[in-house]
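*Asks:* mind looking at a prediction? Sequence and model below.
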Amino acid sequence: DVCNLAGGDLDWETDGTDVWTGHGQGGFPGDNVGIGLTGQNTEAKLHVQTTGSTQSVQTVAIKAETFPSDPPTTISTGMEIRANGGTGVTYGSVTYITNNNANTNIGDELKISTSANSNFGFRSEVGNASNQNYGVYSSTISGGANYNYAVYGNACNADRNFGIYGKTCGTDNGNLAGFFEGDFSFTGAFIPPSDQNLKTDIQTIQSPSETLSQLAPKIYHFNQDVGDLNLPTGPQMGLIAQEVEDVLPFLVQSITKPAVMDSSGNILTEAYTYKGLKYLDFIALLIAGFNEQSELTETQAQIVEDQEATIEELEGEVAALTSSLNELQNSVAQLESMVQESLQKSEDCCAKVLGEKVPGVINGKQNTLEQNVPNPFEQETRIDFNLAASGNVKLMITNATGQTMELLANGAFSSGKHSVTWNASGYAPGVYYYSLYVDGELLTKRMIKL
């Protein structure tokens with residue numbers, strides 16, 4: 001049935017077909033409602049056209065309004081649109097704006113100002129697609145605008161405001177609440193959840209420095225020919241996911257960029273799977289490594305401090321030993337002088353007893369006693385002597401006080417060079433003398449055992 005609006009002047013006319021045309025409510029030209037009108041490309045069961053006038057503040061082609069009922073209904077719908085049967089693309093609603101004179105064009109504007117528990121300016125629910133479901137699909141293609149916003153979110157005046165709220169079911173298998181192709185920037189703080197009440201199985205990071213030493217940061221460029229990912233250009237610095245996976249596999253995640261399809265389901269860009277890194281987790285690893293190095297530095301500093309104290313103590317002991325050694329050397333020098341004086345007296349005495357006036361020289365050759373080798377020595381030393389002629393030889397070792405320590409040779413020796421080795425391993429370090437008696441002739445030299 002066709003009826004007039006309440007309080008209005010609406011006249012309906014028909015040409016005998018299913019087409020009805022209504023005139024009324026002001027009588028402005030173009031205020032027509034057609035039912036069953038045929039257009040150029042579509043067939044519409046309701047076609048509304050209005051042109052407005054200079055007297056109009058706002059031009060409205062279709063206005064749908066519901067009023068409270070008694071008793072009230074559970075659901076009140078201003079307009080419900082259903083579309084079925086399209087073999088290519090089915091649109092529930094299509095909005096075209098062709099007015100180029102407006103300051104702002106709005107495809108659909110939704111306003112809600114009631115005091116309900118929840119208000120939805122736009123609510124979308126889709127499902128059961130064989131390839132992809134889009135709750136909201138928005139695209140800006142104008143090349144003449146200063147800015148294009150595919151999605152613009154602005155939330156104000158509530159206790160909690162969310163400009164954009166994205167949620168996905170699960171975090172495994174590459175589920176992402178947001179996927180951005182290209183750079184993104186934000187002016188506020190990035191605050192991931194870190195509350196202790198949200199965490200279980202809390203453990204201390206073990207050997208962080210060793211773990212960090214196995215990571216190899218690189219400088220690289222992104223390959224722009226794979227995945228159609230809109231990756232950054234120019235030199236980059238970071239890690240290789242496959243290398244990190246050998247050390248910290250739980251910080252590597254596979255991500256799949258979904259395929260891009262047209263409205264008919266034809267694939268424009270294939271899906272692409274790649275590996276990503278949870279870079280924020282490396283902050284904890286770096287802090288743990290820094291703390292470990294700090295503790296190691298403190299430990300090493302304490303070791304150095306202890307070593308410096310030990311060195312200072314040893315230096316004091318060395319100074320004391322040096323002073324004692326100097327005193328000992330002075331004493332040895334005095335004893336050496338006394339021994340030399342005593343030996344000289346003995347030599348003079350023996351020479352007088354044997355009736356020798358001059359050390360023996362036979363046929364132009366003289367008896368000689370060489371300096372021991374090595375000198376100073378630690379365990380053994382060799383004593384060489386030459387005899388001008390055969391004779392009775394006595395070779396003896398005395399200490400600094402003249403006490404005989406050991407008799408190395410005692411008997412007849414032929415003329416020529418002879419060698420005797422003294423093993424002094426059983427004697428204390430100090431100054432010793434070795435004396436050679438050849439038929440009453442005395443030759444003496446000093447040696448030092450370390």
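*Replies:* Yes, it's here. Numbering: from 1, shown residues only.
*Asks:* quick one, strands of the stretch 151-300 of the chain?
*Replies:* Secondary structure of the stretch 151-300 of the chain (DSSP state E, counting those that start in this stretch): strands at 218-220, 236-238, 252-257, 260-261, 267-269, 272-277.
*Asks:* among those strands, which is nearest Y149?
*Replies:* strand 260-261 (20.2 Å; C-beta to C-beta). Using the backbone N, CA and C atoms, a C-beta is placed for each residue, glycine as well.
*Asks:* list the neighbouring strands of the closest one plus their orientation.
*Replies:* strand 267-269 (antiparallel) (DSSP bridges).
*Asks:* can you list contacts of the partner strand?
*Replies:* Here strand 267-269 makes contact (C-beta atoms under 8 Å, 6 or more residues apart in numbering) with 228, 259-262.
*Asks:* are any of those residues buried, and which?
*Replies:* Buried members of those, counted by 16 or more other C-beta atoms under 10 Å: none.
*Asks:* from those, which is closest to E109?
*Replies:* D262 (28.1 Å).
*Asks:* and the closest one, what does it touch?
*Replies:* L268 are the contacts of D262 under C-beta under 8 Å, 6+ apart.
*Asks:* report the two of the contacts of strand 267-269 separated the most.
*Replies:* D228 and D262 (14.8 Å).
*Asks:* quick check, nearest of the contacts of strand 267-269 to T322?
*Replies:* For the contacts of strand 267-269, the nearest to T322 is D228 (81.8 Å; C-beta to C-beta).
*Asks:* what is the burial count for the closest residue to that closest one other than its chain neighbours?
*Replies:* Once flanking residues are discounted, D228 sits nearest to T269: 4.9 Å by C-beta to C-beta, 6 or more residues apart in numbering. Per other C-beta atoms under 10 Å, the neighbour tally for T269 reads 13.
*Asks:* give the bridge partners for T269, please.
*Replies:* Residues in beta-bridge contact with T269 (DSSP bridges): V260.
*Asks:* average pLDDT across the longest helix belonging to the chain?
*Replies:* Longest helix in the chain by number of residues, with DSSP state H as the criterion: helix 281-354. When pLDDT is averaged along helix 281-354, the result is 83.
*Asks:* report all helices and strands that it contacts.
*Replies:* Judged by 3 or more C-beta pairs under 8 Å, 6 or more residues apart in numbering; DSSP states H and E, helix 281-354 is in contact with helix 208-213, strand 430-438, strand 441-449.
*Asks:* just name the most buried of the ones you listed.
*Replies:* A comparison of those by mean neighbour count, using mean count of other C-beta atoms under 10 Å, puts strand 430-438 on top with a mean of 20.
*Asks:* now for it, which elements pack on it?
*Replies:* Partner elements for strand 430-438 (3+ C-beta pairs under 8 Å, 6+ apart): helix 281-354, strand 380-387, strand 391-399, strand 441-449.
*Asks:* N372: how many residues sit nearby?
*Replies:* Count around N372 with other C-beta under 10 Å applied: 22.
*Asks:* list the contacts for it?
*Replies:* When contacts are counted by C-beta under 8 Å, 6+ apart, N372 touches 381-383, 422, 434, 445, 447.
*Asks:* against M405, how distant is G440?
*Replies:* Between G440 and M405 the computed distance is 22 Å (C-beta to C-beta, to the nearest Å).
*Asks:* again with L198
*Replies:* 88 Å.
*Asks:* okay, the two: which has more neighbours?
*Replies:* A direct count of neighbours by other C-beta under 10 Å for L198 and M405 places M405 higher, at 16 against 7.
*Asks:* rewinding a little: TSV for the helices and strands packed on strand 430-438, including distance to T273?
*Replies:* As requested, the helices and strands packed on strand 430-438 are arranged in TSV below (distance: least, C-beta to C-beta, whole Å):
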stretch	distance to T273
helix 281-354	21
strand 380-387	82
strand 391-399	93
strand 441-449	84
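*Asks:* between the contacts of strand 267-269, which is closest to T297?
*Replies:* Nearest to T297 among the contacts of strand 267-269 is D228, at 48.8 Å by C-beta to C-beta.
*Asks:* the closest one touches A271, doesn't it?
*Replies:* No. With contact defined as C-beta atoms under 8 Å, D228 does not count as touching A271 (10.2 Å).
*Asks:* give me the common contacts of these two.
*Replies:* Joint contacts of D228 and A271 (C-beta under 8 Å, 6+ apart) are K257.
*Asks:* circling back to that earlier point, dump the contacts of N372 to a markdown table, plus pLDDT.
*Replies:* Listed next are these as a markdown table, based on pLDDT from 0 to 100:
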| residue | pLDDT |
| --- | --- |
| T381 | 95 |
| R382 | 96 |
| I383 | 95 |
| W422 | 94 |
| Y434 | 95 |
| K445 | 93 |
| M447 | 93 |
